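Q: Here's a sequence, model it:
(2 chains)
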Amino acid sequence: MHKKFTLIFLLFALLLSGFCRTLSDKQINFGIQAAQRDLWEEAIFRWQKAILSNPESAAAHNNLAVAYEKKELWEEAKKEYEIALKISPKNSYIKSNYENFKKNNEISDKEKKDEKEKKDEKN
Amino acid sequence: MKFLIKKRKMKKKKKMKKIKFVLILAFIFSYGCSSQSYYKLRIDIPAKPTLNLNQFNEIVITNFLIKKETKDIDLNQELINYLTTEIGQKFKGKVSSKNISFGSEDVFNNEDFWKNLSPELKRSLLLTGSVQYTEEIRKAILAKKRSRFEEPFPPEKALSERRFYTLNLDLFLIDTESGKILYKRSFKESKGYENPKQTSYFAFFDLVQAVKGKLFSNILGERKIQERYLISH
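A: The predicted structure follows:
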């Protein structure tokens, strides 16, 4: 009898988590479709909603960061990328996005090297 | 009696099997179908500007400190003309030019000098700096390119000559009211040309254009097409 209850409970939990995931995924996919049509405000709304129903969604955080970049909200974008990487540190897509984001906001390494070379020449 | 107990046990076993089956199905549905897919987007994202130019009404471009005179090209005039036109197209305020006399390279860090230069200018920026443009001819023995068909003889070697041009440009954006440097960057651009008739004048514009790209990306936050991934799960 005890075993039976445990099994039912597990089944319920699994279905519930699956349902939440589906809800969140729906919002994420809707957001992607909006972004592909250049409707970034709508995309942001959808991904924020996805995060509300599933705060552990690395995809939603990553996508939201991309949208913030597009909207020139640099600090917000950085925060979202960091959360996404914390949730899913090995995700190559998030890593690639974050690297490009950092490059976009800093002087590139080559340029830094050029400046260093020039300073050395002066000295 | 024994038969009934056995039947009940069988029923229980069957039920358990059913539950297990549903559990496995649910697991497959919730996790098995969640393979990650991505969408590569090419979007124009502006670079974060290091300086907010909107707070200034005017940019005054001064003449530049020439570190080494160049033949065939009036570096100061060409630079001022180029920068005035290019910045004028992007900057909403006024763009003008001013002639000043430099003592030495230390002048760029002299806040009083810049503060007293144009006291009438309010909320304005001075674009100034130093420049050096050099030409160099490099010679090397290089193998000639092979023709499309197999040749029985080894490739011929010949003396090859290339012209290399280097533009060293130190740029400063200085606040006219405080005399403080708000933006400072050293650019070093060089390019080699195989064409022996390449003129230093045309090469200069190739190099200054490369500087423009980097400078504008820094101070105006120009948009660039970039790749980003959107993830669906």
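
Q: Now do B:K15, the pLDDT please.
A: The model reports B:K15 with a pLDDT of 75.

Q: ok, now how distant is it from B:I5?
A: B:K15 is 16 Å from B:I5, where distance means Cβ to Cβ, to the nearest Å. For glycine as for every other residue, the C-beta is placed from the backbone atoms N, C-alpha and C.

Q: Could you do B:T176 as well?
A: B:T176 is 100 Å from B:I5, by Cβ to Cβ.

Q: Now do B:L173 against B:K197, distance only.
A: 37 Å.

Q: And B:T176 and B:I5? Which one has more around it.
A: Set B:T176 next to B:I5 and count neighbours by other Cβ atoms under 10 Å in any protein chain shown: B:T176 wins out with 22 against 9.

Q: Tell me which residues touch the more buried one, please.
A: For B:T176, the contacting residues are B:60, B:114-115, B:117-118, B:121-122, B:124-126, by Cβ atoms under 8 Å, 6 or more residues apart in numbering or on different chains.

Q: 6 Å - rerun?
A: Residues counted as contacts of B:T176 (Cβ atoms under 6 Å, 6 or more residues apart in numbering or on different chains) are B:118, B:121, B:124, B:126.

Q: residue ranges with poor pLDDT in chain B?
A: For chain B, the stretches with pLDDT under 70 are B:1-3, B:21-36, B:144-155.

Q: which parts of stretch B:61-76 are buried?
A: The neighbour-count check on stretch B:61-76 (16 or more other Cβ atoms under 10 Å in any protein chain shown) flags B:61-66, B:70, B:73, B:75 as buried.

Q: What distance separates the opening and closing residues of it?
A: From its first residue to its last, stretch B:61-76 covers 11 Å (Cα to Cα, to the nearest Å).

Q: Now do that stretch: everything it contacts.
A: Contacts for stretch B:61-76 (Cβ under 6 Å, 6+ apart): B:79-80, B:83-84, B:97-100, B:102, B:127-133, B:200-201, B:204.

Q: out of the residues you listed, which are buried?
A: B:79-80, B:83-84, B:100, B:102, B:127-133, B:204.

Q: which two from the residues you listed end up farthest apart in space?
A: Farthest apart among the buried ones among the contacts of stretch B:61-76 by Cβ to Cβ are B:I100 and B:F204. That separation is 22.5 Å.

Q: and chain A, which of the buried ones among the contacts of stretch B:61-76 contact it?
A: Among the buried ones among the contacts of stretch B:61-76, proximity to chain A is found for none (Cβ under 6 Å from any Cβ of the partner chain).

Q: Now that we have those residues, can you turn them into JSON lines and tack on secondary structure and distance to B:K188?
A: Listed next are the buried ones among the contacts of stretch B:61-76 as JSON lines, based on DSSP: H, G, I helix; E, B strand; the rest coil; distance: Cβ to Cβ, whole Å:
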{"residue": "B:L79", "secondary structure": "helix", "distance to B:K188": "16"}
{"residue": "B:I80", "secondary structure": "helix", "distance to B:K188": "21"}
{"residue": "B:L83", "secondary structure": "helix", "distance to B:K188": "18"}
{"residue": "B:T84", "secondary structure": "helix", "distance to B:K188": "23"}
{"residue": "B:I100", "secondary structure": "coil", "distance to B:K188": "24"}
{"residue": "B:F102", "secondary structure": "coil", "distance to B:K188": "21"}
{"residue": "B:L127", "secondary structure": "strand", "distance to B:K188": "19"}
{"residue": "B:T128", "secondary structure": "strand", "distance to B:K188": "18"}
{"residue": "B:G129", "secondary structure": "strand", "distance to B:K188": "13"}
{"residue": "B:S130", "secondary structure": "strand", "distance to B:K188": "13"}
{"residue": "B:V131", "secondary structure": "strand", "distance to B:K188": "11"}
{"residue": "B:Q132", "secondary structure": "strand", "distance to B:K188": "10"}
{"residue": "B:Y133", "secondary structure": "strand", "distance to B:K188": "11"}
{"residue": "B:F204", "secondary structure": "helix", "distance to B:K188": "14"}
